[in-house]
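Novice: next comes the sequence, and after it the predicted model I'd like to discuss.
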Amino acid sequence: MARSPYNTLLLLLPLLLLLITFSHVAEGYNRLRPADCRPRCTYRCSATSHKKPCMFFCLKCCSKCLCVPPGTYGNKQTCPCYNNWKTKEGGPKCP
């Protein structure tokens, strides 16, 4: 017995809604409120000997991107905006 397009749509609709919901949750996982930037940047810059410039750029990047990568170094792939913002010379802007 053949399924009608209507029955197929009814079966796929809940799955589609679930996927849309989880994609928005994953997208917003790293999004911070501006008030969350200072503590996250304080931790991010805790292992460097250049704390003032690190904090300056981290706070600038966080205020623009509303994201700070986890840890004290690396992991920038978790925050694409933070990772892709470059200086005029092409180097990374965000610590």
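Specialist: Thanks, I have it.

Novice: show the pLDDT at the residue positioned nearest the centre of the chain.
Specialist: Centroid-nearest residue in the chain: Cys79, 3.5 Å away (criterion: CA atoms, centre = their mean). Looking at Cys79, its pLDDT is 91.

Novice: my guess is it meets Cys67, correct?
Specialist: Yes - in this structure Cys79 lies within contact range of Cys67 using CB atoms under 8 Å: 3.8 Å. Yep, even glycine has a C-beta here, placed from its N, CA and C like the rest.

Novice: which element is Lys64 on?
Specialist: Lys64 is located in helix 51-65, with elements delineated by DSSP states H and E.

Novice: contacts for the helix or strand following that helix, please.
Specialist: Per DSSP H and E, the first helix or strand lying C-terminal to helix 51-65 is helix 80-84. Contact partners of helix 80-84, identified using CB atoms under 8 Å, 6 or more residues apart in numbering, comprise 61-62, 64-65, 67-69, 76-77, 92, 94.
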